[in-house]
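Student: output the structure for:
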Amino acid sequence: MRGRLITLEGGEGAGKSSAVSCMAEWLRAQGRQVVVTREPGGTAAAERIRAVLLDPETGDIEPLTEALLMFAARSENLAQVIRPALAAGQDVICDRFTDASRAYQGGGREMGMAAIDALAELVHPDIVPDLTLVLDVPVAVGMSRVGGRGQSPDRFERTRSDFLERVRNSYLALAEAEPERIALIDASLSIDQVHRQIIALLEERLA
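Tutor: Numbers count the residues shown, from 1 in each chain. Down below sits the predicted model:
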């Protein structure tokens with residue numbers, strides 16, 4: 001039996017890392033084997049691409065260049081991690097997937113969705129997430145959390161608020177367009193409240 005691909009999305013400071021742990025713990029409690037990966041990243045080559053994309057010293061690059069790098073990393077993650085795990089019947093939790101490219105490059109960088117969808121058709125025509133959770137948080141709240149981490153912000157976290165607003169609005173539009181696949185989680189609440197929302201959704205959609 002093919003495993004399930006569950007993707008987690010959201011803007012900066014949405015709290016995806018703790019949400020991934022919550023999801024993996026719930027799935028394992030259901031007796032599922034779980035593989036956790038992230039994008040960009042997940043393999044040695046993809047992590048090197050991630051380093052370039054997140055490094056503030058990379059500076060401004062063409063939106064298409066950024067999208068191509070994202071899909072190059074995604075292609076490696078699919079080939080080496082995601083497809084083999086799904087074929088083995090394991091559930092895969094992926095911290096960001098193609099919806100992130102739609103939100104960040106398609107919406108945030110104003111490329112539009114046609115180019116992103118064309119790249120998705122090229123790289124993974126056979127794979128659509130079984131369930132996508134979008135952790136929605138107001139941009140000001142998310143950036144306040146980023147600032148409280150005590151770490152130097154990465155290249156995306158340093159972007160202007162209007163870019164991040166476009167990213168958030170793109171995620172909201174995607175959720176509205178595909179409610180059967182994409183579910184919104186109010187990530188402005190406490191971690192416990194967010195995790196309760198996630199578990200309730202998993203029980204509803206996957207149990």
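Student: contacts and neighbour counts: CA atoms only from here.
Tutor: Will do.
Student: which one's the longest helix in this structure?
Tutor: helix 161-177 (DSSP state H).
Student: and it, what's buried?
Tutor: 163-172, 174-175 (16 or more other CA atoms under 10 Å).
Student: tell me where the chain has strands.
Tutor: Taking DSSP state E, the strands of the chain run over residues 5-10, 34-38, 91-95, 131-136, 182-186.
Student: who does the last one pair up with?
Tutor: Meaning strand 182-186. Take DSSP bridges as the rule and strand 182-186 pairs in its sheet with strand 131-136 (parallel).
Student: tell me the average confidence for the partner strand?
Tutor: Per-residue pLDDT over strand 131-136 has a mean of 98.
Student: Thr132 and Arg160, how far apart?
Tutor: Distance of Thr132 to Arg160, computed by CA to CA, to the nearest Å: 26 Å.
Student: just give the number of residues close to Val52.
Tutor: Neighbourhood size, Val52 [other CA atoms under 10 Å]: 15.
Student: correction: the previous question concerned Trp26.
Tutor: Neighbours of Trp26 (other CA under 10 Å): 15.
Student: confidence-wise, which helix or strand of the chain is lowest on average?
Tutor: helix 139-147 (a mean of 87; mean pLDDT, DSSP states H and E).
Student: run through who's touching it.
Tutor: Here helix 139-147 makes contact (CA atoms under 8 Å, 6 or more residues apart in numbering) with 11-14, 153, 157, 161, 164-165, 168, 188.
Student: returning to what we had before: who has more neighbours, Thr132 and Arg160?
Tutor: Thr132 (25 against 9).
Student: ok, the more buried one - contacts?
Tutor: Thr132 neighbours (CA under 8 Å, 6+ apart): 6-9, 181-183.
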